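1. predicted model follows, preceded by the sequence.
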Amino acid sequence: MTNKKVKSLVDSFQYPKYGAGFFYKKLSNIVIENGGKIELNSELTKINHSNNKIENIIIKINNEELKIESDTYIFSNPFTEIVEKLNPKPPKNILESCSKLKYRHHIGVKLEIHGSIFQDNWIYVHDPRVKMARVSNYKTLASIYKLFLAETTKIDFNPKQVIDTKYTILESITSKPKKQKPSSLVETLRKEERDTQLLSYQILVDKFNKKYTNLSESQKSLLREYINNISNSNSFGKFINEEITKVVNELKSLSRKVNDKVVKIKLTEAINQAKNFTTKSVVKDNQVISLMRYYELIKELKDVTSVK
């Protein structure tokens, strides 16, 4: 095993204080407070519809069928299963097409492994050859739970297990993330002859243009500046600030042509966020990505307003 840093999109992110379950619990409370009803541990058996509208649904709870009428329905079933429950049935070609759709069940396989594999809480697997989506590491959480049991119950744990558990928790609390060494690729390229540098740059540009043909001119210009200013010089920061000013002005202009109130509110929010976007020194990758998204938003707004 090497000390090479695992590739990750982010080094840190926000997560609900009491876990994802707290988030879903809050959502369910909002539904109930607004007059909605959530049926758990129920089986959807039939969706009665007419004139492109659901009249009612039939669910089964404890082998008893229950009819539910509402103006809004939210299903947690897979889409293929929902289509199969429609009454009357859709045309045969719709059912055949739907049956070909694929989805993944959440199947958890628990493994107890001695020793440390990786420091992350989880790693996503994107290789299609591997029949799994994610590897989760519950070493620290499991150690906390085991220590809790050892202190609050009469379960007879091996003293060595308790010591190892405490050491794992202590290691997790006190360990500091390793600093990643900057890539030496740029330095290597700078040492090459001028012709080699130009050839490398031309290959990079050709491959980029071939792969990202759908990008707008603004997006291409931004990425071109990003590549040329790999050292993150002050000139790139100045370029970003000038582009943000243009983005804000263009969004304001396009907002006047939008009639939808909801879209206007969202555009106002996007404009306010863009105003606070200016950078003073080093430009971060997430700022470049955000600006790319602003360009895409402007492009879509122009397409919509031009159609109207």
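-> Received, thanks. Residues are numbered from 1 along each chain as shown.
2. which other residues reach whichever strand or helix holds residue 173?
-> In this assignment (DSSP states H and E), residue 173 forms part of helix 159-174. For helix 159-174, contacts defined as Cβ atoms under 8 Å, 6 or more residues apart in numbering pick out 139-140, 143-144, 146-147, 150. All C-beta spots, glycine's among them, are computed from the backbone N, C-alpha and C.
3. from those, pick the one nearest residue 294.
-> residue 140 (38.6 Å; Cβ to Cβ).
4. do a quick rundown of the strands in this structure.
-> For the chain, the strands defined by DSSP state E cover 43-50, 53-61, 64-68, 86-87, 122-124, 134-136.
5. now the weakest link among those, please, by mean pLDDT.
-> With a mean of 82, strand 122-124 has the lowest mean pLDDT of these.
6. so how far is that strand from its chain's centroid?
-> Offset of strand 122-124 from its chain centre (Cα atoms, centre = their mean, to the nearest Å): 13 Å.
7. same for that strand, what does it pack against?
-> strand 134-136 (3 or more Cβ pairs under 8 Å, 6 or more residues apart in numbering; DSSP states H and E).
8. partners of the strand it packs on in the sheet?
-> If you go by DSSP bridges, strand 134-136 pairs up with strand 122-124 (antiparallel).
9. what residues does the partner strand touch?
-> 6, 133-137.
10. flag every buried residue along the helix holding residue 173.
-> Applying a neighbour-count criterion of 16 or more other Cβ atoms under 10 Å, one finds 165, 168-169 buried in helix 159-174.
11. can you check stretch 249-260 too?
-> 250-251, 254-255, 258.
12. any idea how far apart the tips of it sit?
-> 19 Å (Cα to Cα, to the nearest Å).
13. would you mind pulling the contact partners of that stretch?
-> Residues contacting stretch 249-260 (Cβ under 8 Å, 6+ apart): 264, 267-268, 270-271, 274, 294, 297-298, 301-302, 304-305, 308.
14. now that stretch: mean pLDDT?
-> Mean predicted lDDT for stretch 249-260 stands at 85.
15. distance from it to the middle of the chain?
-> Per Cα atoms, centre = their mean, the centroid offset for stretch 249-260 relative to its chain is 28 Å.
16. please report phi then psi for the nearest residue to residue 121 once chain neighbours are set aside.
-> Excluding the flanking residues, the one nearest residue 121 by Cβ to Cβ, 6 or more residues apart in numbering is residue 137, at 5.8 Å. The phi/psi pair for residue 137 (degrees, to the nearest 10) reads phi -120, psi 100.
17. is it true that residue 137 touches residue 118?
-> Yes: with contacts counted by Cβ atoms under 8 Å, residue 137 reaches residue 118, the gap being 6.2 Å.
18. neighbour count winner among the two?
-> residue 137 (16 against 12; other Cβ atoms under 10 Å).
19. okay, now residue 267: neighbour count?
-> Residue 267: 19 neighbours (other Cβ under 10 Å).
20. actually, residue 301.
-> 19.
21. could you measure from it over to residue 270?
-> 10 Å (Cβ to Cβ, to the nearest Å).
22. with residue 31 instead?
-> 28 Å.
23. and for residue 257?
-> On the measure of Cβ to Cβ, residue 257 and residue 270 end up 15 Å apart.
24. quick one: pLDDT of the residue lying closest to residue 89 once chain neighbours are set aside?
-> Nearest non-adjacent residue to residue 89, counting by Cβ to Cβ, 6+ apart: residue 95, 6.9 Å away. If you check residue 95, the pLDDT there is 92.
25. tell me how many other residues crowd residue 95.
-> 14.
26. return the residues in contact with it.
-> 83-84, 89 are the contacts of residue 95 under Cβ under 8 Å, 6+ apart.
27. what's the nearest residue to residue 290 if we skip its chain neighbours?
-> In space, residue 290 is closest to residue 277, 6.9 Å off (Cβ to Cβ, 6+ apart).
28. list the contacts for that neighbour?
-> 244, 287, 290-291.
29. report the lowest-confidence entry in these.
-> residue 287 (80).
30. number of residues surrounding that residue?
-> When neighbours are counted by other Cβ under 10 Å, residue 287 comes out with 16.
31. same check on the one 4 residues further on?
-> Residue 291 has 21 neighbouring residues, counting by other Cβ under 10 Å.
32. how much space separates it from residue 298?
-> 11 Å.
33. can you check which residues contact both of the two?
-> residue 247.
34. that older thread, any idea how far the residue nearest to residue 290 lies from residue 29?
-> 34 Å.
35. same thing with residue 119?
-> 35 Å.
36. follow-up on the earlier one: most surrounded residue in the contacts of strand 122-124?
-> That'd be residue 137 among those, by other Cβ under 10 Å, with 16 neighbours.
37. tell me how the chain divides into domains.
-> Listed by automatic domain parsing, the domain ranges of the chain are 39-99, 122-174, 182-210, 212-307.
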